[in-house]
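*Asks:* Quick one: sequence and predicted model below, then my questions.
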Amino acid sequence: GSVRSPCTKNSLSEFTYIDAPYEVPPCVHSLESGIEGPAYTWMPFELSAEGANWEWFARTPAAPSTRDEDGGHDHNKTIELITNVWHSRGPFDGIFGFSRGGAVAVALAARICAGREEPAHIPLPGLRFLVLCAAYTPRESTSRRLLEDGVCKNLPTLHIFGEADQNVTPERSRDLVRYFADVESSPSEVWTHPGGHFVPSQCRKVLREFLVKNAL
């Protein structure tokens, strides 16, 4: 709310929230904290169980693989969901993605920005920018190939990440920046904070300024 409110003031922007497509079981932390209700993730959930402790993305030998040949997760179901929302509730000007959601936003943007002769191209109208918070480069092979080809280098992006983030290290977030800021005239921006894996309220000013430049 403290981040969103300045961005919606005077009808500057409107946020639409969607649930990720994969439901996950509660982890030990959520059980101990008394957090109730379903939780969702943007990528396929592969787990192993040791007592009551669930490990994310630790595939057991009997579990089917949801990864592509490069070890990245298949984003097709997630991308299909976002595409349907885009057509039914949009169009939208930009995507705000946090952590795994940021990686998925990059995967989708790479496909949108791909040339029309590119088989992976997704013709979604209106994408003008990304806001990526604690995000990282998707490992999935199609996204990597498109990013390496430079399809997103002219797409305005705001990268927000914490220097003390231990979930997605700042090195991983900086590595992502290069796919959007490899030209001198790049419209991308980077804003860092001293904290960890969260969206800091202090970013609201730079976020609003970024939206004014790229969404009006």
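*Replies:* The structure has been received and is ready for your questions. Predicted model, so just to flag it, every value in this text is computed and none were measured.

*Asks:* quick one: which helix or strand includes the residue most central in space within the chain?
*Replies:* For the chain, the residue whose C-alpha lies nearest the mean C-alpha position (C-alpha atoms, centre = their mean) is G102; its distance is 1.3 Å. In this assignment (DSSP states H and E), G102 forms part of helix 100-113.

*Asks:* So what's the gap between that helix and the chain middle?
*Replies:* Relative to its chain's centre, helix 100-113 lies at 6 Å (C-alpha atoms, centre = their mean, to the nearest Å).

*Asks:* follow-up on the earlier one: what's near enough to touch the residue nearest to the centre of the chain?
*Replies:* L132, C133, A134, A135, Y136 (C-beta atoms under 8 Å, 6 or more residues apart in numbering). C-betas here are computed from N, CA, C, even on glycine.

*Asks:* Show me the two of those that sit farthest apart.
*Replies:* Between all members of the contacts of G102, the longest pairwise span (C-beta to C-beta) is found for C133 and Y136 and amounts to 10.9 Å.

*Asks:* out of the two, which sits in the more crowded spot?
*Replies:* Neighbours per residue (other C-beta atoms under 10 Å) separate C133 from Y136, with C133 holding more: 26 against 21.

*Asks:* Can you tell me how far the more buried one is from C152?
*Replies:* 17 Å (C-beta to C-beta, to the nearest Å).

*Asks:* Would you point out the helix or strand in this protein whose mean pLDDT is lowest?
*Replies:* Least confident helix or strand of the chain, by mean pLDDT, DSSP states H and E, is strand 53-56 with a mean of 36.

*Asks:* If you count contacts, what does the helix or strand that that strand is followed by end up packed against?
*Replies:* Read in the C-terminal direction, the helix or strand following strand 53-56 is helix 76-89, with elements assigned using DSSP H and E. Judged by 3 or more C-beta pairs under 8 Å, 6 or more residues apart in numbering; DSSP states H and E, the packing partners of helix 76-89 are helix 100-113.
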